[in-house]
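J.: one predicted model, sequence on top.
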Amino acid sequence: MVQVLWLVIAALALFSGGYLGYSKYLAQFVDLDDSRETPAHKYEDGQEYVPSKKPVLLGHHYSSIAGGAPIVGPITAGVLWGWLPAIAWIAIGNPLMGAVHDFSALSASLRHEGKSIGYIIGEYVGERGKSMLLWFAFLTIILVVAVFALVVAIVFNAYPSAATASLIYIGLAVLLGVWLYQLDLPFLVGTGLFVALMFAGVWVGIQYPLALVPGGDYPANTIVLFGSNLSWLPAAGAFGANTAAWIPIILLYGAIASALPVWFLLQPRDYLSSFLLYTGVGGALLAVIVGTLLGTASQPLVTNLEPFYGFVGRNGAPLFPLLFITIACGTISGFHSLVSSGTTAKQLNRETDARAIGYGGMLGEGLLATTALICVALVAPDVGGGIGLALPTFASGGAILLTSFGVPQSFGGPFMALVLVSFLLTSTDTAVRLGRYMMEEIVGTPETSVQSFAADRYGNAAVQTIPAYILIASGSWATLWQLFGGANQLLAALALLTATVWLANWDDSKQLLSTGGPMAVMVVITVSGLLWLAFYSNLYTKFLDPAWMADATIVQMLSAVTQIALALVLVYLGLSLVKMGYDNIEAVRSGERSGGFSPGDD
């Protein structure tokens, strides 16, 4: 057993070295210069282009990227392969790859009027490349919606009190939006009132837990809404009837929330989420130090997982390439490039702020991943219980940590569950909203009824949530999560490709290793992972297995076919874009094409 404090020390040491050393070099490499006007000032419109102070923008950016994935991925990886390879990939890969990815995407967007990575790649490889990248991102978002809806349902089943607290949390966010934007009441008073009510909602959830169907292992005072157990629902056999019943409700929430005005739910909810984020993650990391040094925790703060379970994980999955795409956003995430480019870049007050916000923000996500890994290492769930047992360990492990401050586990568990769920709900409906934006870019001006439906806020929500539900219906968590991780990290490779192409066109003497090296590594990892999932995890273990074919339902078969098709399409799109980018760089370096870029270009 090893004290979990050493995991915190390892992450903090490597993250600090990366920020103080490597990020400073990168800032000089891309020529960040405060004398140059940022897009936020150049195109200030009071709506999208708004110069923001560094602490404010850092908080917004961090809340946007810190979803549920850096919690779920490290927990899953720690259970399957052990805590040592997981912390190594987080602590080393984050400052060398993930933070570089976020920083380079933000810097590239800064040089292109705050435009998205799709627009930027199109500037250098043409409209076909832009369209392919947008389609890649859209398909990835469907996977985001699927896995996050499933995880929320799993946590609601494990912690019925979190279901009640989450409903209160959503209702409070709506009321805060009305308070601020419709009634124009005092901001600080509203903050104090609604944050207090949010924490009170955790207590209400403990008193009145909520489940949808009877028969589960619920607390004695749980409110059950339906009399039937609804065991006929897809995925009920794999995840339980209560979890299966929550899934369509969460998808419906994501669809509706994505169509609402941002002031009504998204903005006030993200604001409230930031208090959960700082309290939950910051409190847990501080609790590791306090509990270890003072011995005030309810149990010794040591690892109860093995450091390494072998190159073949406890479920038979190979460490390479699946460890890397399982941890996903805790180390590197393509989703962040969608936030950094075209969103955060529009609000950057000074160019040098990009270092703290882009590079530093990703290191903050790495601390969230470290916290999740510590929680699962403390609890060490039986892998035989499946992901339904492993995921709630963020709440139960976090509750153990919070006892260092005298917080009872009966309150700390539901509170940490709400922290996890709040991130996941935020990611779910934000993803559906981003998917609509991408489809609008793909469609342009609708010319047919199909295009109009695809770009419509309600039609597009259906286009995303229905395939997401089909994917969940397979009942195969490990395959679905790794498919998401592979797609998301291949998107990260494409964002790094975009930055590399930009740098090559800027100056044909620029070194391309800082972005091109991580890009090449991620392409190899993610393409290998997606091909494994398509041909082994789905084709070989399912369609070529007579026993599986004999028991599989039509929905499960359709889900498996969808996963195979998605994996192969993503590989094709990704490799095609890599080829386009490589050809562009070769043309620039050979003198066949002049880059002609300067830092001041639009």
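T.: Happy to help now that I have it.

J.: does L570 touch L490 like I think?
T.: Yes - here L570 lies in contact with L490, judged by Cβ atoms under 8 Å, at a distance of 6.2 Å. Where you see a C-beta, it was placed from the backbone N, CA and C, and this is true even at glycine.

J.: looking at those two, which is more packed in?
T.: For L570 versus L490, the count of surrounding residues by other Cβ atoms under 10 Å is larger for L490: 28 against 24.

J.: follow-up on the earlier one: mutual contacts of L570 and L490, please.
T.: Both L570 and L490 are contacted by F136, L530, under the criterion Cβ atoms under 8 Å, 6 or more residues apart in numbering.

J.: flag every buried residue along the host helix or strand of L139.
T.: Assigned by DSSP states H and E, L139 falls within helix 127-158. Judged by neighbour count (16 or more other Cβ atoms under 10 Å), helix 127-158 contains these buried residues: 129-130, 132-158.

J.: kindly report the same for stretch 51-66.
T.: When neighbours are counted by 16+ other Cβ under 10 Å, the buried residues of stretch 51-66 are found to be 51-52, 54, 57-66.

J.: and if you look at stretch 245-260?
T.: So stretch 245-260, judged by 16+ other Cβ under 10 Å, has buried residues A245, W246, I247, P248, I250, L251, Y253, G254, A255, A257, S258, A259.

J.: re earlier: next step: the buried residues of stretch 51-66 restricted to helices.
T.: K54, L57, L58, G59, H60, H61, Y62, S63, S64, I65 (DSSP state H).

J.: excluding chain neighbours, what is closest to the last one?
T.: Sequence neighbours aside, H336 is the residue nearest to I65 in space, at 4.9 Å (criterion: Cβ to Cβ, 6 or more residues apart in numbering).

J.: was I right about the one you found contacting A105?
T.: Yes - counting by Cβ under 8 Å, H336 touches A105, with 7.1 Å between them.

J.: can you report how many residues lie near P186?
T.: Applying other Cβ under 10 Å, we find 12 other residues in the vicinity of P186.

J.: try the one 4 residues further on
T.: For G190, the number of neighbouring residues by other Cβ under 10 Å comes to 18.

J.: ok, now how distant is it from S231?
T.: 44 Å (Cβ to Cβ, to the nearest Å).

J.: alpha carbons of stretch 317-337, as CSV, please.
T.: Extracted as CSV, the C-alpha positions of stretch 317-337 are listed here (Å, rounded to 0.1, in the frame of the first residue of the first chain):
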residue,chain,number,x,y,z
ALA,A,317,-8.3,-5.6,-22.4
PRO,A,318,-4.7,-4.8,-23.5
LEU,A,319,-3.0,-1.9,-21.8
PHE,A,320,-1.9,-0.6,-25.3
PRO,A,321,-3.8,1.1,-26.7
LEU,A,322,-6.8,1.0,-24.5
LEU,A,323,-5.4,2.5,-21.3
PHE,A,324,-4.7,5.8,-23.1
ILE,A,325,-8.1,6.1,-24.7
THR,A,326,-9.8,5.0,-21.5
ILE,A,327,-8.3,7.7,-19.4
ALA,A,328,-9.2,10.1,-22.2
CYS,A,329,-9.8,13.7,-21.0
GLY,A,330,-7.7,13.5,-17.9
THR,A,331,-4.6,13.6,-20.1
ILE,A,332,-5.8,15.0,-23.5
SER,A,333,-9.2,15.8,-25.0
GLY,A,334,-10.2,16.9,-28.5
PHE,A,335,-13.4,18.4,-27.0
HIS,A,336,-11.2,21.1,-25.4
SER,A,337,-10.1,22.3,-28.8
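
J.: and that stretch, average pLDDT?
T.: Averaging pLDDT along stretch 317-337 yields 91.

J.: going forward, count from 51.
T.: All set: I'll call the first residue 51, so the last point we hit is now stretch 367-387.

J.: picking that back up, tabulate the buried residues of stretch 295-310 (TSV), appending secondary structure and distance to A347.
T.: As requested, the buried residues of stretch 295-310 are exported to TSV (DSSP: H, G, I helix; E, B strand; the rest coil; distance: Cβ to Cβ, whole Å):
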residue	secondary structure	distance to A347
A295	helix	36
W296	helix	32
I297	helix	35
P298	helix	39
I300	helix	33
L301	helix	38
Y303	helix	36
G304	helix	36
A305	helix	42
A307	helix	37
S308	helix	40
A309	helix	44
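
J.: which one of these is nearest to G330?
T.: Of all the buried residues of stretch 295-310, I300 has the smallest distance to G330: 20.6 Å, by Cβ to Cβ.

J.: sorry, back to before: output the ones in helices among the buried residues of stretch 101-116 in CSV, with pLDDT and distance to I142 appended to each entry.
T.: As requested, these are exported to CSV (pLDDT from 0 to 100; distance: Cβ to Cβ, whole Å):
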residue, pLDDT, distance to I142
K104, 84, 27
L107, 81, 28
L108, 83, 24
G109, 74, 27
H110, 72, 28
H111, 80, 23
Y112, 82, 21
S113, 73, 26
S114, 75, 25
I115, 82, 20
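
J.: where does the stretch 351-500 of the chain dip in pLDDT?
T.: Flagging of the stretch 351-500 of the chain using pLDDT under 70 yields the residue ranges 392, 432-441.

J.: can you map out the helices along it?
T.: Taking DSSP state H, counting those that start in this stretch to define them, one finds helices in the stretch 351-500 of the chain at 369-377, 385-390, 403-404, 411-429, 437-440, 443-452, 459-493, 499-505.

J.: can you put those in CSV and add distance to Y69?
T.: Rendered in CSV, the data for the helices of the stretch 351-500 of the chain read as follows (distance: least, Cβ to Cβ, whole Å):
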stretch, distance to Y69
helix 369-377, 20
helix 385-390, 16
helix 403-404, 13
helix 411-429, 6
helix 437-440, 31
helix 443-452, 25
helix 459-493, 23
helix 499-505, 41
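
J.: could you dump these to CSV with mean neighbour count and distance to Y231?
T.: Putting those into CSV (neighbours: other Cβ atoms under 10 Å; distance: least, Cβ to Cβ, whole Å) gives the following:
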stretch, mean neighbour count, distance to Y231
helix 369-377, 25, 38
helix 385-390, 28, 23
helix 403-404, 28, 27
helix 411-429, 27, 26
helix 437-440, 20, 39
helix 443-452, 26, 33
helix 459-493, 23, 18
helix 499-505, 15, 26
